[in-house]
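# I would like the atomic coordinates for the input below:
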Amino acid sequence: MSVRHTKATTTAFVGGYLIAYFGSLWIIVTLFSTRITASWIFLGSDAWKVRLISVIAPVIALFIGMFTASVTLIAADARGSDRMRPWRFFKTGWISMVLANIIIHCTAFKVFIPIKEGELWLKHIDQVTYNGCVFLLSPTLGFIGASFAVVLTEMIIEAQKG
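Predicted coordinates for the structure are as follows:
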């Protein structure tokens, strides 16, 4: 089955990504809730900025990843060759999303969170755990969820056609 890029599949991709990303992040926050709750003291009045960054950054990263993968697909198609395989398209989108998520988070933290408070906060919640969960695990699960949502949407569309 080849997936055609329509409004339905694009909407399914965005919805699937956001649901899976924030769902996995919610599970992670629930697992580490005592550590995270105790860490807000270190940020003081800047705690809301971290929450806002955690909501906005993955959404922007999603659209950057989709844009990068689309431009790559258009460029491959313009060359008149069949070089763009599905795995390459998805790999380009996933790598773009993960890197954009890292860059956006790091830049926003650098600009909006005071360095001393940010370092104390990251030390308390464990920087390796935070980076692994927010920068790699949640975007990857979001991308997998988005891919499943697109395939499911395409199967529903094909079933309705008869």
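# contacts and neighbour counts: CA atoms only from here.
Will do.
# mind listing what the residue nearest the centre of the chain touches?
By Cα atoms, centre = their mean, the chain has its centre lying nearest to residue 139, at 3.7 Å. Residue 139 sits next to 21, 58, 97-98, 101 when contact means Cα atoms under 8 Å, 6 or more residues apart in numbering.
# got a markdown table for these, with distance to residue 33 too?
Shown next, in a markdown table, are the contacts of residue 139 (distance: Cα to Cα, whole Å):
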| residue | distance to residue 33 |
| --- | --- |
| 21 | 18 |
| 58 | 21 |
| 97 | 26 |
| 98 | 24 |
| 101 | 22 |
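# Pull out the buried positions in the helix or strand hosting the residue nearest to the centre of the chain.
Using DSSP states H and E, residue 139 falls within helix 138-161. For helix 138-161, burial by neighbour count (16 or more other Cα atoms under 10 Å) applies to 138-151, 153-154.
# so what does the top helix by length along the chain touch, helix or strand wise?
Longest helix of the chain, by residue count under DSSP state H: helix 47-78. The helices and strands touching helix 47-78, judged by 3 or more Cα pairs under 8 Å, 6 or more residues apart in numbering; DSSP states H and E, are helix 7-31, helix 86-112.
# For the longest one, name the packing helices and strands.
To tie it back to what came earlier, the one meant is helix 86-112. helix 47-78, helix 138-161.
# Mind putting these into a markdown table with distance to residue 6 and mean pLDDT?
Shown next, in a markdown table, are the helices and strands packed on helix 86-112 (distance: least, Cα to Cα, whole Å; pLDDT from 0 to 100):
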| stretch | distance to residue 6 | mean pLDDT |
| --- | --- | --- |
| helix 47-78 | 13 | 86 |
| helix 138-161 | 10 | 90 |
